[in-house]
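1. Based on what follows, work out the 3D shape:
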Amino acid sequence: MHESDEALIARTADSDLEAFRMLFERYQPILLRHLVYHLRDDDAAHDVVQETFLRVWQHRTGLRPSLSFLAYLFRISGNLVRDRARHTEVRTRLQDQVVSSTPSAGDNPESAAHYSLLHEHIALVVREKLPPRCREIFLLSRLEGMSNTEISHALRISVKTVENQLTRAIKILRKHLGPFVE
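-> Residues are numbered from 1 along each chain as shown. Sure thing, here's the model as predicted:
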């Protein structure tokens, strides 16, 4: 017998582990395919799926059988993906501040000094001159190597917004890096 989602959700809200297992088996493959497509990383997708269902179980008493369970899963997983992107951005930003490339002894000292100053100035402009959303999109694009489409999905914004923010970031960088690139 195929039990309805509404019945399984109601049972899960009442802490019925078997009903939760049935929902997991029904929706895990769908959610996993969705996340693999968007993240392009099987391990990360599996992690997000597990965390999504863990959150569902932790908040099971608030489940509403009348609402779409799949939409609920997509909302939770979307939030988790955004959290992961922000965490990665912070980790990358901190890593960039702690680890800076040092020129080798064979490099031209003048070029090495210019490169070091340029690197520091870029980091300063990104950190202090780019608006928060613009900075987030710029870092996802340039440091994480995410495509505009991937960024739009991760942040739930349009591709056009991503493009506009990247254009804005580059204009701000050009304005503040003029002396270094002339």
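
2. For this protein, which segments count as helices?
-> For the chain, the helices defined by DSSP state H occupy 5-13, 17-39, 42-58, 69-98, 109-128, 132-142, 148-155, 159-181.

3. Could you tell me the least trusted of these?
-> Here the helices of the chain differ in mean pLDDT, and the lowest is helix 109-128 at a mean of 74.

4. now the helices of the chain in TSV, with mean neighbour count?
-> Backbone N, C-alpha and C define where each C-beta goes, glycine included. Shown next, in TSV, are the helices of the chain (neighbours: other CB atoms under 10 Å):
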stretch	mean neighbour count
helix 5-13	18
helix 17-39	16
helix 42-58	17
helix 69-98	15
helix 109-128	13
helix 132-142	19
helix 148-155	19
helix 159-181	14
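
5. What's the end-to-end length of stretch 9-28?
-> 15 Å (CA to CA, to the nearest Å).

6. Residues in contact with it: which ones?
-> Contact with stretch 9-28 is made by 3, 5, 7-8, 49, 53, 56-57, 60-65, 69-70, 73, as judged by CB atoms under 8 Å, 6 or more residues apart in numbering.

7. contacting residues for the residue nearest in space to the middle of the chain?
-> Note on the chain: the residue nearest the mean C-alpha position is Ala85, at 2.4 Å, using CA atoms, centre = their mean. By CB under 8 Å, 6+ apart, Ala85 lies in contact with 140, 144, 154-155.

8. same thing with Val56?
-> For Val56, counting by CB under 8 Å, 6+ apart, the contacting residues are 12, 20, 23, 63, 72-73, 76.

9. Name the nearest residue to Gln165, sequence neighbours excluded.
-> Ile137 (4.3 Å; CB to CB, 6 or more residues apart in numbering).

10. Quick check: the one you found vs Leu39, distance?
-> 17 Å (CB to CB, to the nearest Å).

11. likewise Ser158?
-> Where Leu39 is concerned, Ser158 sits at a distance of 19 Å (CB to CB).

12. Same check on Leu166?
-> 20 Å.

13. I'm done for today, thanks for sticking with me.
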